[in-house]
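Asks: Predicted structure and sequence below. I'll ask about it afterward.
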Amino acid sequence: LNMAEGIVRSIGHHGHWGFSATFDFIEAIDNTQTEPSSEPINILLVAPGDIRHIIYTISRRRRHRSGLRPINFYIIDHPIEILARNLLLLEVIMDFEVPIRQRANVFLEIYGNARVQERTARYIEQLGQGLRALIADGTSTLGLVSLEHLKYRERDVLESVFKSYIRRDDFDIRSLRDHRLRGYYQERYDNRKSLGDWDYQYSIKDSASIIHIKLYREWRESGIAFEFGDQTYEESNRTMATYVEGKLKEGLEKGQHKEIKGFWGDIVGSPYYGLGIDADTRTPANTEAECLFEIMNKDSGTEQHRHHTCELAVFNMFCMMWEAETGDPYCMTKKNDIYSGLGKEGRPLNAPEEENKKDIYDIIEAENEDDEEGGDNDRPRVEEINDIDEEESAVNLPPPPPAPTTVVASTTEVVKEAVGKEQEAEEFAKEIRRAEAIVETYRDVTVFPLLGTPAEVLKKSKYANKFDAMFASSRAAQFVSTATCDQVLKNDALIAMETGKFIIPLVRKDKEAFNLKLKEYAAEKGWKHHLTPPVPRRFRDSRDVIPDVLFYSKSPEA
């Protein structure tokens, strides 16, 4: 195989996730642009693969001087199934009636697993049906998503993608993924575990060793990246279905080119990089989180991380959702316990008691619950029975208790009732504050999906000199070299380019050549290179020197 064909066969035609850690766009803009402004911030995301930059930036907007300016995200990707998947993941984030902990788990399950639980498949189907209403209305929850930049025929195709999330739709991802594995390994298929270990040792361990080798092996073999508890993952994740053009090899239409539905995503990299290799631990109240990166017996033969990438991904999800819904950074209250900061705020809105917590799957199963259990008539009831007639038994009853005892008992009941009302009022006030924080977080934030080739879509005059910042993934590196890329950016715009650091098929010299090419593109356009990144980037140690993102500004070198 030549390099291009090998890369396509390994990381796939389409990206379901990115190959770099997320970062806060508003922080990066504030640290690179000096002139204050009240104009909306327009951010362009070119083939990012997921929504990590969107949800991370939105959740932290209160932290910065520019944070409460209107923010518009323009996310351009291809094919339309990837856009549909990103919109569904946004809906999971916006399902505020579900506890944060469960939402985080379900988000990661849909995000990174080729197969999901049966109840998660039902949840995907339900969200897909709900998103079809987005096509009719044109906007989503809190007006976050707008489809005004999509053509009507593209909206129709988008609706058909949401419709395909129904569980009876034929999509056997287990066999489709195995087909991809066999096509990639070919005669080395039986040695695929050893080849996976080699990729880990050569491309991952020295820079992202928090990804445990056992987790990476399991994902390479099964496509399951995130597992929670003793659950079984047997249903196909239909959000990963896409189409590529192929030639039929048999049948009446042999030789004809047709769109082939299948799993055409990454089979060697893993979904851990975007959310599972870095976290912001600078918040003074959250310094406990630095323990998530603790390495025991470092630089010895028994070196081991105390925590792993799945825990870090869950922690990052908590941080984003908590801050978005409370206005405060998420803080662990107990060292090494990522769940310790949740408390009761992990519960859904309108659920004052922890024991009344609404499970995410109750939403799906509530309608069928009575039918499955035979309805309320089959359930035993507790009735009050009074066998003693009041007049008949008056003589036999003991005298009433002394008056002081009655007064004390009544006083106790009054106190309990008062405390209960006070707690209820406090819980209600907390819910109000949370609702207000959610509205404030998402106020004046809009996500505009765009579909097509970036150079073609963005050459329209309405996009000229429009964007304050841009992220270009490694899949969209070629776009950086086009004239259109320069035309859509404002002067002093921030540019973030994903490097080849975590592109597994590339050996070290290829990664360096890839990054050098990106630097040449930037130099040709006169962009200013930020040698010190405007946002924190984590490196494992002194040997980890290749950045996962290069930062530039659209201004010539001094």
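Replies: It's in. Residues are numbered from 1 along each chain as shown.

Asks: ok, how many other residues are close to L83?
Replies: Under the neighbour criterion other Cβ atoms under 10 Å, L83 is assigned a count of 22. Using the backbone N, CA and C atoms, a C-beta is placed for each residue, glycine as well.

Asks: what is the mean pLDDT for stretch 548-558?
Replies: What stretch 548-558 shows for mean pLDDT is 81.

Asks: swap in stretch 326-340?
Replies: Throughout stretch 326-340, pLDDT has a mean value of 91.

Asks: Same check on stretch 304-314?
Replies: Averaging pLDDT residue by residue across stretch 304-314 gives 96.

Asks: all helices for the stretch 151-300 of the chain, in order.
Replies: Under the criterion DSSP state H, counting those that start in this stretch, the stretch 151-300 of the chain carries helices at the ranges 152-163, 173-185, 192-199, 205-208, 213-222, 273-276.

Asks: Put together TSV for these, with mean neighbour count and distance to V447 on each row.
Replies: Compiled in TSV, the helices of the stretch 151-300 of the chain are given as follows (neighbours: other Cβ atoms under 10 Å; distance: least, Cβ to Cβ, whole Å):
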stretch	mean neighbour count	distance to V447
helix 152-163	16	14
helix 173-185	16	27
helix 192-199	14	34
helix 205-208	18	29
helix 213-222	17	28
helix 273-276	26	17
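
Asks: Save these as a markdown table, and put in distance to L45 too.
Replies: Conversion of the helices of the stretch 151-300 of the chain to a markdown table gives the following (distance: least, Cβ to Cβ, whole Å):
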| stretch | distance to L45 |
| --- | --- |
| helix 152-163 | 18 |
| helix 173-185 | 26 |
| helix 192-199 | 28 |
| helix 205-208 | 22 |
| helix 213-222 | 25 |
| helix 273-276 | 12 |
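
Asks: and A493, what helix or strand is that in?
Replies: Of the helices and strands defined by DSSP states H and E, A493 is found in strand 489-498.

Asks: sorry, back to before: out of the helices of the stretch 151-300 of the chain, flag the one nearest K430.
Replies: K430 lies closest to helix 273-276 among the helices of the stretch 151-300 of the chain, at 27.9 Å (Cβ to Cβ).

Asks: With just CA atoms, put that closest one into CSV.
Replies: As requested, C-alpha coordinates have been extracted for helix 273-276 and formatted as CSV (Å, rounded to 0.1, in the frame of the first residue of the first chain):
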residue,chain,number,x,y,z
TYR,A,273,-7.7,12.1,22.0
GLY,A,274,-10.4,14.7,21.9
LEU,A,275,-11.6,14.4,25.5
GLY,A,276,-9.4,11.8,27.2
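
Asks: Tell me which residues are up against that helix.
Replies: 17-22, 49-50, 52, 108, 208, 210-211, 309-310, 312-313, 316-317, 502, 548 (Cβ atoms under 8 Å, 6 or more residues apart in numbering).

Asks: Provide a ChimeraX selection command restricted to the buried entries of those.
Replies: To isolate the buried members of the contacts of helix 273-276 in ChimeraX, using 16 or more other Cβ atoms under 10 Å:
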select :17,18,19,20,21,22,49,50,52,108,208,210,211,309,310,312,313,316,317,502,548
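
Asks: So which of the contacts of helix 273-276 are in helices?
Replies: With helices identified by DSSP state H, the entries of the contacts of helix 273-276 that belong to them are 52, 108, 208, 309-310, 312-313, 316-317.

Asks: Need these in a markdown table (columns: distance to L90).
Replies: Listed next are these as a markdown table, based on distance: Cβ to Cβ, whole Å:
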| residue | distance to L90 |
| --- | --- |
| R52 | 11 |
| L108 | 15 |
| A208 | 26 |
| T309 | 23 |
| C310 | 22 |
| L312 | 22 |
| A313 | 17 |
| N316 | 16 |
| M317 | 14 |
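
Asks: now, which of those sits nearest E159?
Replies: For E159, the nearest member of the ones in helices among the contacts of helix 273-276 is R52. The distance, counting by Cβ to Cβ, is 25.6 Å.

Asks: how about the strands of this protein, start to end?
Replies: With DSSP state E applied, the chain shows strands at 41-46, 71-77, 115-116, 235-236, 242-247, 257-262, 295-296, 304-305, 445-451, 467-472, 489-498, 528-529, 549-553, listed in chain order.

Asks: Distance to L176 and mean neighbour count for those - can I get that in TSV?
Replies: Conversion of those to TSV gives the following (distance: least, Cβ to Cβ, whole Å; neighbours: other Cβ atoms under 10 Å):
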stretch	distance to L176	mean neighbour count
strand 41-46	27	25
strand 71-77	21	23
strand 115-116	11	23
strand 235-236	8	22
strand 242-247	11	15
strand 257-262	5	14
strand 295-296	38	13
strand 304-305	33	16
strand 445-451	24	20
strand 467-472	29	25
strand 489-498	27	22
strand 528-529	42	15
strand 549-553	32	22
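
Asks: Turn those into CSV, columns for distance to I204.
Replies: Converted to CSV, these look like this (distance: least, Cβ to Cβ, whole Å):
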stretch, distance to I204
strand 41-46, 25
strand 71-77, 25
strand 115-116, 23
strand 235-236, 27
strand 242-247, 25
strand 257-262, 26
strand 295-296, 15
strand 304-305, 13
strand 445-451, 31
strand 467-472, 23
strand 489-498, 16
strand 528-529, 27
strand 549-553, 17
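
Asks: looking at the ones you listed, which is closest to P271?
Replies: Distance to P271, taken as Cβ to Cβ, is lowest for strand 115-116 among the strands of the chain, at 13.3 Å.

Asks: Can you tell me the strand partners of that closest one and which way each runs?
Replies: Sheet pairing for strand 115-116, assigned by DSSP bridges, gives strand 235-236 (antiparallel).

Asks: Mind listing residues that contact the partner strand?
Replies: So strand 235-236 is in contact with 114-118, 120-121, 167, 171-174, going by Cβ under 8 Å, 6+ apart.

Asks: what's the distance between that strand and the middle of its chain?
Replies: Between the mean C-alpha point of strand 235-236 and the mean C-alpha point of its chain there is a distance of 19 Å (Cα atoms, centre = their mean, to the nearest Å).

Asks: What's the mean pLDDT across it?
Replies: What strand 235-236 shows for mean pLDDT is 96.

Asks: helices or strands up against the top helix by length along the chain?
Replies: Of all the segments assigned as helix in the chain under DSSP H, the longest by residue count is helix 403-442. Using 3 or more Cβ pairs under 8 Å, 6 or more residues apart in numbering; DSSP states H and E as the contact criterion, the neighbours of helix 403-442 among helices and strands are helix 52-59, helix 309-326.

Asks: Pipe those into CSV and attach distance to T287 per row.
Replies: As requested, those are exported to CSV (distance: least, Cβ to Cβ, whole Å):
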stretch, distance to T287
helix 52-59, 19
helix 309-326, 14
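
Asks: Write down the beta-bridge partners of T446, one by one.
Replies: Per DSSP bridges, the residues bridged to T446 are N72.

Asks: Might you report the residue contacts of it?
Replies: T446 makes contact with 70-73, 143-146 under the criterion Cβ under 8 Å, 6+ apart.

Asks: which regions of the stretch 401-550 of the chain lie under the pLDDT threshold?
Replies: When the per-residue scores of the stretch 401-550 of the chain are filtered using pLDDT under 70, the ranges that remain are 401-410.

Asks: Go again with 90.
Replies: Where the stretch 401-550 of the chain drops to pLDDT under 90, the residues are 401-431, 540-545.

Asks: Columns mean pLDDT and distance to A469 on top of the helices of the stretch 151-300 of the chain, output as TSV?
Replies: Rendered in TSV, the data for the helices of the stretch 151-300 of the chain read as follows (pLDDT from 0 to 100; distance: least, Cβ to Cβ, whole Å):
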stretch	mean pLDDT	distance to A469
helix 152-163	94	25
helix 173-185	96	34
helix 192-199	96	33
helix 205-208	92	25
helix 213-222	97	31
helix 273-276	97	18
